[in-house]
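Student: here is my input; please provide its structure:
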Amino acid sequence: MLKSDPKVNTLQIGRHEVGPDHPVFIIAEIGINHNGDLEMAKKLIDTAVRAGCNAVKFQKRTPSLCVPPDQREVTRNTPWGLMTYLEYRERIEFGKEEYQEIDRYCKSKNIAWFASCWDEPSVDFMEEFDPVCHKVCSAALTDDSLLKKINKTGRPVILSTGMSTMEEIRHAVSLLDRDRLLIAHCTSTYACSIEELNLRTILSLKEEFGCPVGYSGHELGLIPSIAAVSLGACFVERHITLDRSFWGSDQSASLEPWDLERLVRDIREIEKALGDGVKRVFESEKIARTRLRRCR
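Tutor: The predicted structure follows:
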């Protein structure tokens, strides 16, 4: 682990400390890849647990509030037949009974869970489950009313910054308590091209806001997420799926189980390789130092 940056806070998310001098907090974003199937959600939780993730994340919406009026009656073909967009959103949305089971299941597996709430009633809904934190999705970064509602919960808040300008991010940050704030660098393109990942933004966000900064990746492959850790990302979030060929908008840019296991393994290895930044002569170097060192 890198030496602590005194300018950056450490936050507690559940039983995990998240900050520059702590292991990377790894979030498996289940999102809506469960397609409204509780058993599939449980298999995705199992996948995250097997891989060694620290948390799983869902998305919570009130469809009647989140679906724009002009989109509600638009029809689409789905695995459940032809239906309107509003009917589709209601079809895949979990209610209280499903989240009670998710809460029970995650506790039994000793993994944290939380959700990104897309509207204010969803914040009240999630508060009933005593979540370890809230996440503001990129789409909601400019929803001042929602940000204020989430901030009032007093919980840690992860602010995702996809499709946002720095001016918009500064305004959003001004509405949130910095002592409880984490920021996720993100490009909201599925799947995101390498040229648009702009990972050095992690450094810019850290320098300007002085809070733990992480990375929410939507690219194909693993290397950029590992590079983000090398740049100081305190947390990494990636979408997961059981099979990228499954139906759904987020499935194709998600990691399958084996890829997720490799990601967690490689992040833990890169943490070891980064060390603490203190120059020293290692015991394994001493023989070579004695034999080869030249002084003139």
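Student: low pLDDT regions in the protein?
Tutor: For the chain, the stretches with pLDDT under 70 are 1-6.
Student: that one: strands as residue ranges?
Tutor: 11-13, 16-18, 25-31, 55-60, 75-78, 81-84, 112-117, 134-136, 157-160, 181-186, 213-217, 235-239 (DSSP state E).
Student: how much space is there between Gln100 and Phe94?
Tutor: Distance from Gln100 to Phe94, counting by CB to CB, to the nearest Å: 10 Å. Glycine gets a C-beta too; all of them are placed from N, C-alpha and C.
Student: in terms of neighbours, single out the busier of these two.
Tutor: Ranked by neighbour count (other CB atoms under 10 Å), Gln100 and Phe94 place Phe94 first, with 21 against 13.
Student: before we move on, back to that, Trp247 is nearest to which of the strands of the chain?
Tutor: Trp247 sits nearest to strand 75-78 of all the strands of the chain, at 7.2 Å, using CB to CB.
Student: which residues does that closest one contact?
Tutor: Strand 75-78 is touched from outside by 82-85, 88, 91, 247, with contacts defined as CB atoms under 8 Å, 6 or more residues apart in numbering.
Student: same deal with stretch 116-130?
Tutor: Residues contacting stretch 116-130 (CB under 8 Å, 6+ apart): 57-62, 65-66, 96, 99, 103, 114-115, 134-137, 139-140, 145-146, 149-150, 153, 160.
Student: pull stretch 93-109 out as PDB, backbone CA atoms only.
Tutor: Output in PDB follows, covering the C-alpha atoms of stretch 93-109 (Å, rounded to 0.1, in the frame of the first residue of the first chain):
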ATOM      1  CA  GLU A  93     -37.500  -3.700 -10.500                       C
ATOM      2  CA  PHE A  94     -37.100  -5.400  -7.200                       C
ATOM      3  CA  GLY A  95     -39.500  -4.500  -4.400                       C
ATOM      4  CA  LYS A  96     -39.300  -4.800  -0.600                       C
ATOM      5  CA  GLU A  97     -39.700  -8.600  -0.400                       C
ATOM      6  CA  GLU A  98     -36.800  -9.200  -2.900                       C
ATOM      7  CA  TYR A  99     -34.500  -6.700  -1.100                       C
ATOM      8  CA  GLN A 100     -35.300  -8.200   2.300                       C
ATOM      9  CA  GLU A 101     -34.100 -11.500   0.800                       C
ATOM     10  CA  ILE A 102     -31.000  -9.800  -0.700                       C
ATOM     11  CA  ASP A 103     -30.200  -8.200   2.600                       C
ATOM     12  CA  ARG A 104     -30.500 -11.600   4.400                       C
ATOM     13  CA  TYR A 105     -28.500 -13.300   1.700                       C
ATOM     14  CA  CYS A 106     -25.600 -10.800   1.700                       C
ATOM     15  CA  LYS A 107     -25.400 -10.900   5.500                       C
ATOM     16  CA  SER A 108     -25.200 -14.700   5.400                       C
ATOM     17  CA  LYS A 109     -22.300 -14.400   2.800                       C
END
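Student: what sits up against that stretch?
Tutor: 34, 36, 38, 41-42, 45-46, 49, 56, 58, 60-61, 63, 112-113, 125, 128-129.
Student: next, the buried residues of that stretch.
Tutor: For stretch 93-109, a neighbour-count test (16 or more other CB atoms under 10 Å) marks 93-94, 98-99, 102, 105-106 as buried.
Student: can you check stretch 182-202 too?
Tutor: 182-187, 192, 197, 199, 201-202.
Student: contacting residues for the residue lying closest to Tyr215 once chain neighbours are set aside?
Tutor: In this structure, Tyr215 finds its nearest non-sequential neighbour in Ala228, 3.7 Å apart by CB to CB, 6 or more residues apart in numbering. Residues in contact with Ala228 (CB under 8 Å, 6+ apart) are 185, 199, 202, 214-215, 217, 236.
Student: hey, where'd the helices end up in the stretch 151-296 of the chain?
Tutor: 166-174, 201-209, 223-230, 257-274, 286-292 (DSSP state H, counting those that start in this stretch).
Student: circling back to that earlier point, just the buried ones from the contacts of stretch 93-109?
Tutor: Buried by 16+ other CB under 10 Å: 34, 36, 41-42, 45, 49, 56, 58, 60-61, 63, 112-113, 125, 129, out of these.
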